[in-house]
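Chemist: Predicted model follows, preceded by the sequence.
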Amino acid sequence: MLQKKKLITAGATFSVALGIGFVMQNGDVLAARSTVEPEPEYVQTESVAPQEELIADQGPVLETPVEAEAEMIVAQVEQEIVIEEPEAPILLAAVEPDPVFKPIPLVQSEPYAINSEPLVEQERAEAAVDCSPQMFATPAPAAFAKLDLVAPCHANAGVTIHHQGMMFSVLTDQDGKLSVLAPALAEEAVFIAAFDSGDGAVATIEVPDLVGYERAVLQWKGETAFAINAFEDGALFGQEGHVSAVHSRDFAAIDAKQGFLVPLGNPDAPQQLLAEVYTFPVGAKEDVVLSVDASITNSNCNREVTAQSIQISPGSEPEALDLVMIMPSCDSVGDYLVLKNMFKDLTLASN
């Protein structure tokens, strides 16, 4: 048998392509033109200056300059022949830049592209996305409801589920979706999903089989470690009939006329609303003793803690109790407060 230390207390969030093409295509034209321009300069500079010097001297030296002049003229003809051949491609290349200038208005029309009809339609399509959350409820075993929430504008967001005073917080996935099983506390069940932003959704469902079950709900906020303990058929702590978060059972227990416990809420959700719900078939109540444990930890010792219990039974009005109390000093860390009959009367006792 497991042993557990107990304590009694009270207290209540375009364009460089055209420029590059222009340089590449016109660069050849500029280079070709640089080979044509110097042509007349070679003819004048090298033929005039040597002749003036030879006439002034008037001597036999004239023969040498004539030969040099003839050589220079021949050299000029050869240069002209070599230069004349590429004129045709040079002229053609000089005509080619025209197509390059034609796309230039595209750069000037960029502001128009921003406001063009396709982009306007895209903006309209985005604005047409319905951000309103939607929630659907379908029947599940043991008077539970399967809640499917779709909130495309609330990805990875915390949301609180409300139902008949019961509250627990969960997280949507990266698509803003969520599926969770929630116990019904009324035959005409209304579930509300509320986001911190103010958005929300509602789902309703008929749960006629609720008349066959009794339920005990314990809910709290934050890290305070509360827990329901159900002792069936006279079971003691740690025995087979002791139902708790450690030994919670599942829906199959109903077929054996036994109870089961379901935890609700995600501790990673920003709201930090958590709950435990114990469900058992009608007729087993006389064989079940319910109690609540509140563990004393470093985070809650000597501080005020709050919790609430809700109990429903067929043919009876729901009963709710609010718990507000000061936890014992930090010298008692590791001990437990045992609250017996909390679902009927709030009484402190020890095991």
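Modeler: It's in. Numbering: from 1, shown residues only.

Chemist: Domain parsing of the protein, as residue ranges.
Modeler: 17-124, 134-349 (automatic domain parsing).

Chemist: what mean pLDDT does the shortest one have?
Modeler: Going back to what we said before, that points to domain 17-124. Average pLDDT, domain 17-124: 45.

Chemist: What of the last one?
Modeler: This predicted structure assigns domain 134-349 an average pLDDT of 92.

Chemist: Distance check, the closest residue to Asp175 other than its chain neighbours against Gly176.
Modeler: Residue nearest to Asp175 in three dimensions, not counting chain neighbours: Ala155, with 6.3 Å by CB to CB, 6 or more residues apart in numbering. Yep, even glycine has a C-beta here, placed from its N, CA and C like the rest. Computed with CB to CB, to the nearest Å, the distance linking Ala155 and Gly176 is 5 Å.

Chemist: Neighbour count for those two, which is higher?
Modeler: Gly176 (18 against 13; other CB atoms under 10 Å).

Chemist: isn't the more buried one right next to Ala157, touching?
Modeler: Yes: counting by CB atoms under 8 Å, Gly176 does reach Ala157; the two are 7.2 Å apart.

Chemist: Now do the shared contacts for those two.
Modeler: Ala151 (CB atoms under 8 Å, 6 or more residues apart in numbering).

Chemist: which residues pair with Leu339 across the strands?
Modeler: Val292, Leu348 (DSSP bridges).

Chemist: Isn't it up against Leu290?
Modeler: No: the pair Leu339 / Leu290 is not scored as a contact, 9.7 Å apart, by CB under 8 Å.

Chemist: Can you spell out which residues form a bridge with Val324?
Modeler: Thr306.

Chemist: tally of neighbours for it?
Modeler: 11.

Chemist: close enough to count as contact, it and Thr306?
Modeler: Yes: contact criterion CB under 8 Å: Val324 and Thr306 qualify, at 5.1 Å.

Chemist: Can you tell me how far Leu185 is from Gly259?
Modeler: Here the criterion is CB to CB. By it, Leu185 lies 16 Å from Gly259.

Chemist: These two: which is more packed in?
Modeler: Gly259 (27 against 20).

Chemist: Spatially, and excluding backbone neighbours, which residue is closest to the more buried one.
Modeler: Phe280 (3.1 Å).

Chemist: any idea how far that neighbour is from Asp255?
Modeler: Taking CB to CB, one finds Phe280 at 13 Å from Asp255.

Chemist: go on, Ser244?
Modeler: 21 Å.

Chemist: With neighbour numbers in mind, choose between these two.
Modeler: Each of Ser244 and Asp255 has its neighbours counted (other CB under 10 Å); Ser244 has more, 18 against 9.

Chemist: Contacts only, for the residue nearest to the more buried one when sequence neighbours are not counted.
Modeler: Leaving aside its sequence neighbours, Ser244 sits nearest to Asn229 (CB to CB, 6+ apart; 5.1 Å). Each residue near Asn229 by CB under 8 Å, 6+ apart is listed here: 237, 242-244, 290-293.

Chemist: ditto for Ala145
Modeler: The neighbours of Ala145, taking CB under 8 Å, 6+ apart as the test, are 137-139, 181-184, 189, 191, 203, 205, 207.

Chemist: which SS class is it?
Modeler: strand (DSSP: H, G, I helix; E, B strand; the rest coil).

Chemist: Please report the distance of the nearest residue to it once chain neighbours are set aside from Ser197.
Modeler: Computed as CB to CB, 6+ apart, the closest residue to Ala145 that is not its neighbour in sequence is Ala137, at 4.7 Å. As judged by CB to CB, Ala137 and Ser197 stand 22 Å apart.

Chemist: Between those two, tell me which one has more neighbours.
Modeler: Ala137 (20 against 11).

Chemist: Hmm, the more buried one is touching Val202, no?
Modeler: No: using CB under 8 Å, Ala137 makes no contact with Val202, being 9.5 Å away.

Chemist: Mutual contacts of these two, please.
Modeler: Phe191.

Chemist: Tell me where this structure has helices.
Modeler: Ranges of helices in the chain, per DSSP state H, are 17-36, 39-57, 63-84, 87-95, 97-101, 104-108, 110-114, 117-127.

Chemist: Identify the residues contacting Ala230.
Modeler: 216, 242-244, 259, 261, 278, 280, 288-290.

Chemist: contacting residues for the closest residue to it other than its chain neighbours?
Modeler: Spatially, and ignoring its direct neighbours in sequence, Ala230 is nearest to Val243 (4.2 Å; CB to CB, 6+ apart). With contact set as CB under 8 Å, 6+ apart, Val243 has these partners: 229-232, 249, 258-261, 278.

Chemist: In the residues you listed, which residue is surrounded by the most others?
Modeler: Result: Gly259 is most packed of the contacts of Val243 (other CB under 10 Å), 27 neighbours.

Chemist: Done for today, thanks.
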